[in-house]
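1. Here is a sequence with its predicted model. Questions after.
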Amino acid sequence: MVLDSKVPSGPIDQKWSKHKQDSALINPANKRKFSVIVVGSGLAGGAAAASLSELGYKVKCFCYQDSARRAHSIAAQGGINAAKNYQNDGDSIYRLFYDTIKGGDFRSREANVYRLAEVSNNIIDQCVAQGVPFAREYGGLLDNRSFGGAQVKRTFYAAGQTGQQLLIGCYQALNKEIANGGVEMYPRTEMLDIVMVDGHAKGIVVRDMVTGEISSHAADTVILATGGYGNVFFLSTNAKGCNVTAAWRAARKGALFANPCYTQIHPTCIPVSGDYQSKLTLMSESLRNDGRIWVPKSPDTAEKIRKGEIDPGDVPEEDRDYYLERKYPSFGNLSPRDISSRSAKEVCDEGRGVAKTGLGVFLDFRDSIQRLGEDKIRASYGNLFTMYEKIAGTNPYKTPMQIYPAVHYTMGGLWVDYNLMSNVPGLHVLGEANYSDHGANRLGASALMQGLADGYFVIPSTIAVYLSTQTPGAVTTDHPEFKKVTEDVTAQTKKLISIQGKRSVDSFHRELGLLVWDKCGMARNREGLNEALEKIPSIREEFWENVRVTGSGSGLNMELEKAGRVADFLEFAEVMCLDAREREESCGGHFREEHQYTEEDEVVKSGYLSAGEAKRNDEEFCHVSAWEYKGTDQAPVLHKEELEWETVKPSVRSYK
């Protein structure tokens, strides 16, 4: 299998324009003949559905939420990047491109990332036109703040609910097209499989989550915009409904899964408080603009804080370790997420954690409140502070927040080319569900940027490249493949219900998640990954023998929904750990303990890096790892897309 990225030739700042100029077009009258299925209605899926409908395509949009308004894109609270340079602080399209490439530890496709930076400015104009209430300065101009991995202010925001406001804008555009008849919306409907006809993706099989009815839908092309797989860890910042099912079912039909070991650990989450938890809560990275992260210098002082013997405010300034400011003075508290997360783990491993569990550090707004005033902090982050107080029970205006890293975003996803089409003809993948833009570590405020770039600006131009080669309406649900896939889905549903074992779905999910977190989480090593790869098949085997799914398939059944998703996690987790074991290097969020800089390395001796930083291996691993599914009990096959660097040269990643 040859992975053709279809990246156009020419200078990087002309590739996208050249590609659009050279690509096939479909005239307006013919667009009305083509049908498109969009799975997912978050920013990527909702924007794609609305934009394609406006162009004239007939669109069916599916989501498992009760409304597109409930998509998980609302969880991205902090902001959205764009290279407008409104602050006149030296930003540019190239700088946004380079920061994103460097932030991803030089493991993303150069041309895709430049295109993302290039269209970022259009996204802001689009959203302002939709009425998104971005924060503004006193004079009325749009305001910006900083995010991790950047030394400029380029993040547009709406208090601490940017994702929600962007989704409302997208939702309005989608509703307009629903009202006009261009989009047929299917809420509370879960995609359970892809239908392949002559090697092309031509439809899906879905289950109505209210009635239990299983049905099939045909189209000329299928778009997946179904988010990431962070819930494989059980505890994550993702909504409980987030899953890998759509992407994994596509992988089972031949779509390559790229870089599954690249998962992002977010440094500012509320720490785990007990075994009763089913998810974790994200505190936006935007808080790191004004909050300072610290722990006591002494483990004894940290222990007294954990026991409640002293308050954080009792710790003198000279006894506080602002460790990010100390280790990375150029970026300080706005160091990239992977580096900040590992640094938090490091100080907690030293016994200096401040949460009762020992796994927590302080995010302190004392200095910012003294400098700016509480009203200014409240205007910028008020809803986040309110959310924290409701969950943690302390007032963050008076007492520092406690935070600790947790699973957040996933950089891996289905492999796509420059047109955002997978190796399966007709199957396009947008947003977090694809792998292309963020490398091994996503910079903050780039998830919303990618989702809207893919949906509003990329896929409307590139989908015609495929559709222009197809006869509209050539495949319908009368094709025998639709009946076969429907029967397969129905059989699996019945099988899950018929097992009637003794263990709950959640117990399997929790067991898998803890194993994957321990062995393939913030730090990985070959021994731990081997252990995980030995245990996952046995957990999966017991699941299919001993899971208990109550109820039936003929109506609303959340246990059945969870069971199908956990079954997919149990297969996907194995590929994820295989990918982590195969990649003998550290890069971004993938930190192999065997591959880190030591005091003996010249870059450490020179002071450019500190010991313990991630150590890449560009000679052997400057590629995308794309895994081909071969069966549940067979090893997947690895395919590689070599990463080519025309504009930037991979370098040692330092934020000192």
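-> Looks like it came in fine. Numbering: from 1, shown residues only.

2. Next, the contact list for residue 581, please.
-> Neighbouring residues of residue 581 by Cβ atoms under 8 Å, 6 or more residues apart in numbering: 526, 529-530, 533. The C-beta positions use only the backbone N, C-alpha and C, and glycine is treated the same way.

3. What values do phi and psi take at it?
-> phi -70, psi -40 (degrees, to the nearest 10).

4. What distance do you get for it to residue 150?
-> 32 Å (Cβ to Cβ, to the nearest Å).

5. Name the helix or strand for residue 266, please.
-> In the assignment (DSSP states H and E), residue 266 maps to strand 263-269.

6. what about the nearest residue to residue 431 once chain neighbours are set aside, distance to residue 435?
-> Leaving aside its sequence neighbours, residue 431 sits nearest to residue 44 (Cβ to Cβ, 6 or more residues apart in numbering; 3.0 Å). In this view, residue 44 and residue 435 are 14 Å apart by Cβ to Cβ.

7. Look at those two and report which has more neighbours.
-> Using other Cβ atoms under 10 Å as the criterion, residue 44 and residue 435 rank with residue 44 on top: 36 against 29.

8. quick one, what contacts that one?
-> 73, 225, 430-433, 450-452, 454-455.

9. which one of these is nearest residue 646?
-> Closest approach to residue 646 among those (Cβ to Cβ): residue 450, at 21.3 Å.

10. Assumed residue 196 was part of a strand.
-> Yes: the assignment for residue 196 by DSSP: H, G, I helix; E, B strand; the rest coil puts it in a strand.

11. Relative to its centre, which residue of the protein is most distant?
-> residue 309 (39.6 Å; Cα atoms, centre = their mean).

12. tally of neighbours for residue 630?
-> Every residue meeting other Cβ under 10 Å relative to residue 630 is counted, giving 11.

13. element containing it?
-> Here residue 630, judged by DSSP H and E, is contained in no helix and no strand.

14. got the residue ranges for the strands in the stretch 201-350 of the chain?
-> With DSSP state E, counting those that start in this stretch as the criterion, the stretch 201-350 of the chain has strands at 214-218, 221-224, 257-258, 263-269, 292-296, 320-321.

15. Next up, phi/psi of the most centrally placed residue in the chain, please.
-> Residue closest to the average C-alpha location in the chain (Cα atoms, centre = their mean): residue 409, at 3.3 Å. Main-chain torsions, residue 409, degrees, to the nearest 10: phi -120, psi 160.

16. how close does the residue nearest to it when sequence neighbours are not counted sit to residue 337?
-> Leaving aside its sequence neighbours, residue 409 sits nearest to residue 264 (Cβ to Cβ, 6+ apart; 4.1 Å). Using Cβ to Cβ, one gets 6 Å for the distance from residue 264 to residue 337.

17. Could you do residue 189 as well?
-> 34 Å.

18. was I right about residue 305 contacting residue 312?
-> Yes: between residue 305 and residue 312 there is a contact under Cβ atoms under 8 Å: 6.4 Å.

19. What's the local residue count around residue 300?
-> 10.

20. for residue 58, what are its contacts?
-> 32, 34-36, 182, 184.

21. If you could redo that for residue 447, that was the one I meant.
-> Contacts of residue 447 (Cβ under 8 Å, 6+ apart): 76, 409, 431-432.

22. next one: phi and psi at residue 426?
-> phi 90, psi -10.

23. That one and residue 419, how far apart?
-> Taking Cβ to Cβ, one finds residue 426 at 11 Å from residue 419.

24. Residues that sit against both of those two, list them.
-> What both residue 426 and residue 419 touch, as defined by Cβ under 8 Å, 6+ apart, is the set residue 466.
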